[in-house]
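Visitor: Attaching a predicted model along with its sequence, questions to come.
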Amino acid sequence: MKPGKFVLVLIAGFFAVNNAHAQSPREQLNQLVTQLQASPGDTALRERIIKLAQEIKPPPAVLEEAERRMARGSAAFRAAKSENDFRDAAREFEQASIAAPWSGDIYYNLGLAQDKAGDHASAIRSLKLAMLATPDSRETRTLLYEVEYRQEKVGSPEAQAVKRQVQGDTLLQALDGAVFRFVDSFNATFTVEVRGRTATIIRHQGRHNSRYATLEERPPVTGNCRLSVVNGNPQCEAPMVNFGGYRVFIDIATHGRSAGIAWIGPDGKRESPQILNRTN
């Protein structure tokens, strides 16, 4: 055999082996879908799947699991009355998008539910995938533009201020009627009571304590202040009545199970805080 023919035989054999092991587009698609099941948040992988599915003729069919999840999501969407309800619908559509991650209709419904749930960033991501899958859909494009506008409005300083106000009002409503108490080593009892937006602190000195063994019971020392939410925590500073110019800084934890109090002297120096646990 001449050397030239031997080389040609090797090359032909190489391509024959390669072709035997080459995956078809449908096999590649199935492999990528399997990868997505392990990494459902991989947007770049979803984009690869959509582009590959567009090359397959006839297009891949939507699997039964995707149809089931779509039906469940549609039922949840129609019955939804709150953002939490729309989140339930979005979860069903999300599962459908894992079963058939090339479907523009699934991504459209997912984006619609996410938008209704107030998750505009996720909705925009889903709708962009829907546009990739169905670039000629005017309905998808219009919804994408609308959600982008809502996202901008929500991110504005005015919208953020309103959101903080609503969160603060909700937190204060949940604290209405709360009572926090602590007894120190000198048998002094500290109580913070919340009524509406007003916090009242009461310091009650016991009849006997380790520091003043013969001390008679003293009248309680009180103060009150109006709570406002600062950095997520209800806080205020209460001047103590007839107590030498002392004030008490009250800081209630966001979870509402404890409150911190710190005495502030006439010189403005703040003492170490004491923690009061909620009793009701």
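Guide: Cool, the structure landed.
Visitor: you'd agree Arg181 is up against Thr191?
Guide: Yes. Applying C-beta atoms under 8 Å, one finds Arg181 in contact with Thr191, separated by 5.0 Å. In this view, the C-beta of every residue, glycine as well, is placed from N, C-alpha and C.
Visitor: who has more neighbours, these two?
Guide: When Arg181 is set against Thr191 and neighbours are counted by other C-beta atoms under 10 Å, the residue ahead is Thr191, at 19 against 16.
Visitor: Distance check, the most centrally placed residue in the chain against Asp42.
Guide: When the chain is reduced to its mean C-alpha position, the closest residue under C-alpha atoms, centre = their mean turns out to be Asp119, at 9.2 Å. Between Asp119 and Asp42 the distance, using C-beta to C-beta, to the nearest Å, works out to 18 Å.
Visitor: do Arg68 as well
Guide: Distance from Arg68 to Asp42, by C-beta to C-beta: 23 Å.
Visitor: hmm, back to that, which residues are common contacts for Arg181 and Thr191?
Guide: Counting by C-beta atoms under 8 Å, 6 or more residues apart in numbering, the contacts common to Arg181 and Thr191 are Leu276.
Visitor: was I right about Gln167 contacting Val229?
Guide: Yes. Gln167 is in contact with Val229 according to C-beta under 8 Å; the separation is 7.4 Å.
Visitor: Looking at these two, which is more packed in?
Guide: Looking at Gln167 and Val229 with other C-beta under 10 Å, you find the greater number of neighbours at Val229, namely 18 against 13.
Visitor: Might you report the residue contacts of that one?
Guide: When the contact criterion is C-beta under 8 Å, 6+ apart, the partners of Val229 are Arg164, Gln167, Gly168, Leu171, Leu172, Gln235.
Visitor: Please, where are all the strands along the stretch 101-250 of the chain?
Guide: Listed in chain order, the strands found in the stretch 101-250 of the chain under DSSP state E, counting those that start in this stretch are 179-183, 188-195, 198-205, 221-226, 228-230, 233-239, 247-252.
Visitor: Give me the contacts around the first one.
Guide: Defining contact as C-beta under 8 Å, 6+ apart, one finds that strand 179-183 is touched by 189-194, 252, 258-259, 261, 274-280.
Visitor: Can you flag the buried ones in these?
Guide: With burial judged by 16 or more other C-beta atoms under 10 Å, the buried subset of these is Phe190, Thr191, Val192, Glu193, Val194, Ile252, Ala259, Ile261, Leu276, Arg278.
Visitor: State the distance from the residue lying closest to the third one once chain neighbours are set aside to Asn224.
Guide: The reference is to Val192. Sequence neighbours aside, Phe180 is the residue nearest to Val192 in space, at 4.4 Å (criterion: C-beta to C-beta, 6 or more residues apart in numbering). If you measure Phe180 against Asn224 using C-beta to C-beta, the figure is 14 Å.
Visitor: higher neighbour count, those two?
Guide: Using other C-beta under 10 Å as the criterion, Phe180 and Asn224 rank with Phe180 on top: 27 against 19.
Visitor: one step back: could you dump the contacts of Val229 to TSV with pLDDT and distance to Ser185?
Guide: TSV is the format used below for those (pLDDT from 0 to 100; distance: C-beta to C-beta, whole Å):
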residue	pLDDT	distance to Ser185
Arg164	81	39
Gln167	84	37
Gly168	86	35
Leu171	89	32
Leu172	90	32
Gln235	95	26
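Visitor: any chance of those in TSV, plus distance to Ala80?
Guide: Formatted as TSV, those follow (distance: C-beta to C-beta, whole Å):
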residue	distance to Ala80
Arg164	26
Gln167	22
Gly168	27
Leu171	26
Leu172	28
Gln235	37
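Visitor: From those, pick the one nearest Leu52.
Guide: Compare each of these with Leu52 using C-beta to C-beta and the shortest gap goes to Gln167, at 44.0 Å.
Visitor: Look up how far His120 lies from that closest one.
Guide: 18 Å.
Visitor: Name the spans of the stretch 1-150 of the chain whose pLDDT lies under the cut-off.
Guide: With pLDDT under 70 as the threshold, the stretch 1-150 of the chain has low-confidence stretches at 1-21.
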